[in-house]
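In: could you look at this predicted model? Sequence included:
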Amino acid sequence: MSVDLRAVPRTALFGWLPLAVFQVVGTVGANHNQTGHRRLDALAIVIAVLGPVSLLFLRRWPRQVLAFVVAITVAYVLRDYAFGPVLASLAIATVLTVVRGHRVAAWLGLGTVVVTVLAIQRPMYDREWSWSWLSGALAWSLLVLAVGELVRVRRERIIASRQARAEASRRQANEERLQIARELHDVVAHHISLINVQAGVALHIVDRKPEQAQTALEAIKDASKDALVELRSLVGILRDVDDEAPRRPSGTLASLDDLVERSGHAGLEVRKTVRGDVRPLPSSVELAALRIVQEAITNVVRHAGASAADIELAYGTDSLSVTVIDNGAGFSWGAAEGTGIIGMRERAETLGGSLDVGQGPVGGTRVLASLPLRSRS
C-alpha cells in the first residue's frame, strides 16, 4: 500500500506531533502515579508514538487505520502498561471513523479494546475490577461513541446545507438561462421575421415599384436598428456584474404602438384595443405582456398568412388579460408547440397566470393570456 503524503491535510501533518508528545509525557506520568503495572520500555514509547502517526492516514483509509490503532492499543493493554493518555489515539480514531460513516467498524474496534481489558488483561494479571472501574470504562466508551455521532450528524447537516445551496444556485442559474433564452428568442425572432418579410417584398417589386421597395428597405433598416438596440440592452444587463442583483430586461406596454407600426410595414394590419382602468403595472407583468404579444404577432407574420390581427388589453382589478386574434389559416390542433408558444406559456406561468392557444371565434388563431398583477409567492 503506497503512501502519498500530499493526500494528508497540512494541519494533520503538524498536528500529530503535539498528540504524540502528550501521549508520551502523559503515559510517563501515569506510570509514576499507578503502581503494580509493568515499567515503561521502548515498546510502550513506540506504541504511544505510532498512534498519532497512524492518524495521518485515517482520512484515506479510515477502517484500516482504526484496526491498526485498536491492535497497538490491545498490545499496550496486554503488556500491562499503566493506563493513561495513550488511549487518546483510540478515541480520536473512533470518533473520526464514525464521522466518516463506518459506525459498525468503530463500535467493534472500541468494543474489542474494552473486552480485552475486562476479559483478558485483568484476569491475566490477577487484577480485580470494581463496579466503579467498570462503569468508568463503559462511560468513557459511550462518551467517545456519542461524540462521534454528534460530529457525524453535524457534518451531515453541513453537507446537506451546502448541497441545498448548490442546488438552489443551479436552479437559479437554469432559470436565468431560460429567461435569457426567452428574451433572445422574442427579440431576435420578431425583428428577423419582419426583416425577412420586407426583404421578400423588396426583391419582388424592386424593378416594378422602386418607391415601394425603398419603403421596404427603410422598414428593414428600422427593424434591424430596433433589434440591435434591444440586443445591446440585453447584453448590457448580462455584463452588469456590479449590481447586487441583476436587472430585469426592460420593456413596457408603451412599446406596443411601435410594434403595431412595424407590423404595418410588414403588410399586417394590427389593431389595438384597450379596456378597463389603464394604469402602470408591475414591470414583470408589462414585460411578459409585451413579449407575449410580440411573439404572437411574430407567429402571425411567419405562419398564419393573415392580413390583419387584433390586440386587446383588458385591465382588471387583479389581473391583465391579453388577447391576440388573427384572420389567418387557423390553429392546427395536431401541430406540436414550438419554442415560441412554450416561451409564452412559461412567461405567463412564471407570474402565476395561464396562456391558451386555440381557434379564433371566426377562424384564425387566438392567443389568450391571463397575468395576475401580484406574482405568486
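Out: Nice, I can see it. Numbers count the residues shown, from 1 in each chain.
In: from residue 216, how far off is residue 230?
Out: Distance check for residue 230 against residue 216: by Cβ to Cβ, to the nearest Å, it reads 21 Å. All C-beta atoms are positioned from the backbone trio N, CA, C, and that covers glycine.
In: more crowded one of those two?
Out: residue 216 (24 against 21; other Cβ atoms under 10 Å).
In: give me the element that one is part of.
Out: When elements are assigned from DSSP states H and E, residue 216 belongs to helix 210-239.
In: and that helix, what does it pack onto?
Out: If contacts are counted by 3 or more Cβ pairs under 8 Å, 6 or more residues apart in numbering; DSSP states H and E, helix 210-239 sits against helix 131-205, helix 256-265.
In: let me know the average pLDDT across it.
Out: Mean pLDDT, helix 210-239: 72.
In: please identify the most buried of the helices and strands packed on helix 210-239.
Out: helix 256-265 (a mean of 17; mean count of other Cβ atoms under 10 Å).
In: by contact count, what packs against that one?
Out: helix 131-205, helix 210-239, strand 269-276, helix 283-299, strand 308-315.
In: contacts for it?
Out: The contact list for helix 256-265 (Cβ atoms under 8 Å, 6 or more residues apart in numbering) reads 190, 194, 198, 215-216, 219, 222-223, 226, 269-272, 290, 293-294, 297, 301, 309, 311, 313.
In: one more pass at 10 Å, please.
Out: 190-191, 193-194, 197-198, 201, 215-216, 218-220, 222-223, 226, 253, 268-272, 274, 286, 289-290, 293-294, 297-298, 300-301, 308-309, 311, 313 (Cβ atoms under 10 Å, 6 or more residues apart in numbering).
In: any idea how far that helix is from the chain center?
Out: Relative to its chain's centre, helix 256-265 lies at 41 Å (Cα atoms, centre = their mean, to the nearest Å).
In: and that helix with helix 131-205, angle?
Out: Interaxial angle, helix 256-265 versus helix 131-205 (axes from the mean of the first three to the mean of the last three Cα atoms, to 10 degrees): 40 degrees.
In: may I have helix 256-265 as PDB, with CA atoms only?
Out: Written as PDB, here are the backbone C-alpha positions of helix 256-265 (Å, rounded to 0.1, in the frame of the first residue of the first chain):
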ATOM      1  CA  LEU A 256     -46.900  48.200 -28.400                       C
ATOM      2  CA  ASP A 257     -47.500  51.200 -30.600                       C
ATOM      3  CA  ASP A 258     -44.100  50.700 -32.200                       C
ATOM      4  CA  LEU A 259     -45.000  47.000 -32.600                       C
ATOM      5  CA  VAL A 260     -48.200  47.900 -34.400                       C
ATOM      6  CA  GLU A 261     -46.400  50.300 -36.700                       C
ATOM      7  CA  ARG A 262     -43.600  47.900 -37.600                       C
ATOM      8  CA  SER A 263     -46.200  45.200 -38.300                       C
ATOM      9  CA  GLY A 264     -48.000  47.500 -40.700                       C
ATOM     10  CA  HIS A 265     -44.700  47.900 -42.600                       C
END
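In: looking at it now, give me its mean pLDDT.
Out: For helix 256-265, the mean confidence score works out to 82.
In: repeat for stretch 21-40
Out: Stretch 21-40 comes out at a mean pLDDT of 76.
In: what residues of it count as buried?
Out: 23, 24, 26, 27, 28, 30, 31, 40 (16 or more other Cβ atoms under 10 Å).
In: in CSV, could you pull the C-alpha coordinates for it?
Out: Output of stretch 21-40 as CSV, limited to C-alpha atoms (Å, rounded to 0.1, in the frame of the first residue of the first chain):
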residue,chain,number,x,y,z
VAL,A,21,4.2,14.4,22.9
PHE,A,22,1.0,14.5,25.0
GLN,A,23,0.7,10.7,24.9
VAL,A,24,4.3,10.0,25.7
VAL,A,25,4.6,12.6,28.5
GLY,A,26,1.2,11.6,29.9
THR,A,27,1.9,7.9,29.8
VAL,A,28,5.2,8.5,31.7
GLY,A,29,3.3,10.5,34.3
ALA,A,30,0.6,7.8,34.6
ASN,A,31,3.3,5.2,35.1
HIS,A,32,4.6,7.1,38.1
ASN,A,33,1.1,7.5,39.6
GLN,A,34,-0.1,4.0,39.1
THR,A,35,1.5,1.1,40.9
GLY,A,36,1.6,-2.6,40.1
HIS,A,37,2.0,-2.1,36.3
ARG,A,38,4.8,-3.1,34.0
ARG,A,39,7.5,-0.4,33.8
LEU,A,40,7.6,1.6,30.6
